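Chemist: Predicted model, plus sequence, below.
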Amino acid sequence: MRIENLIGDYQAFVSDLLFRLKSCSIDIFGMPMSHLLYRTATISEYESLRNQLKTLCSKFVETQFNDRAVSILILKKPLVFEGGVTVSMIELPAPRPVHMYPSGLESIGIILGNKLPQFIQQYKHTLTGIKDHGQYCQPAFITFDNDKTAKFYDISLEEIVHLQGWQLEEIGK
């Protein structure tokens with residue numbers, strides 16, 4: 001099974017977000033990408049996609065976050081994007097009844113490290129906001145008119161997973 005069959009044209013998705021960021025005078029060329037986030041519309045779709053994605057992954061954790069299950073999956077083979085940027089992690093949140101989203105790729109996570117506060121100050125009028133997901137996770141973000149989002153982190157989602165105490169398990173061992 002190819003990942004494109006599961007999550008769609010991730011190359012076009014990322015390319016579109018990069019174009020939209022450049023249109024806002026934000027150039028993330030050379031910055032590491034943490035992960036892609038894919039949403040599902042139903043719990044059964046979430047469970048099916050999670051199980052299918054696991055066959056392409058080396059590590060996995062499912063945890064409770066924000067009143068629902070969230071799966072973090074580490075791909076065996078990283079996705080490669082323009083400029084040689086790679087992504088090995090997919091975040092897959094289960095849907096919540098209070099927020100209905102269409103299925104599909106929704107966001108990218110970009111790691112800015114200690115440049116995040118300066119970035120927030122520089123682009124405060126461009127940013128949609130800052131999410132507060134607890135002590136280790138407060139990404140700034142821009143949601144575009146197509147409801148796709150670029151999120152900016154100081155650390156990777158994998159580091160957040162470890163700091164939260166969640167254990168990524170080896171798959172197939």
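Modeler: Yep, it's here.
Chemist: which phi and psi does the spatially closest residue to residue 132 that is not a sequence neighbour have?
Modeler: Counting by C-beta to C-beta, 6 or more residues apart in numbering, residue 132 lies nearest to residue 138, which is 5.5 Å off, once chain neighbours are set aside. Yep, even glycine has a C-beta here, placed from its N, CA and C like the rest. Main-chain torsions, residue 138, degrees, to the nearest 10: phi -130, psi 70.
Chemist: Tell me how many other residues crowd residue 138.
Modeler: Residue 138 has 14 neighbouring residues, counting by other C-beta atoms under 10 Å.
Chemist: Can you tell me how far residue 98 is from residue 66?
Modeler: Look at residue 98 and residue 66: by C-beta to C-beta, to the nearest Å, they are 10 Å apart.
Chemist: the strands in this protein, which residues?
Modeler: Counting by DSSP state E, the chain has strands at residues 33-39, 57-64, 69-80, 86-93, 104-111, 129-130, 140-143, 149-153, 169-170.
Chemist: Residue ranges in the chain under the pLDDT threshold?
Modeler: 173 (pLDDT under 70).
Chemist: top helix in it by residue count?
Modeler: The longest helix of the chain (DSSP state H) is helix 10-23.
Chemist: name the helices or strands packed onto it?
Modeler: Helix 10-23 is packed against strand 33-39, strand 104-111, strand 149-153, with contacts defined by 3 or more C-beta pairs under 8 Å, 6 or more residues apart in numbering; DSSP states H and E.
Chemist: Can you lay out those as a markdown table showing mean neighbour count and distance to residue 159?
Modeler: Putting the helices and strands packed on helix 10-23 into a markdown table (neighbours: other C-beta atoms under 10 Å; distance: least, C-beta to C-beta, whole Å) gives the following:
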| stretch | mean neighbour count | distance to residue 159 |
| --- | --- | --- |
| strand 33-39 | 22 | 9 |
| strand 104-111 | 21 | 9 |
| strand 149-153 | 23 | 9 |
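Chemist: Save those as a markdown table, and put in distance to residue 9 too.
Modeler: Shown next, in a markdown table, are the helices and strands packed on helix 10-23 (distance: least, C-beta to C-beta, whole Å):
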| stretch | distance to residue 9 |
| --- | --- |
| strand 33-39 | 12 |
| strand 104-111 | 9 |
| strand 149-153 | 17 |
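Chemist: how many other residues sit next to residue 162?
Modeler: Neighbours of residue 162 using other C-beta under 10 Å come to 14.
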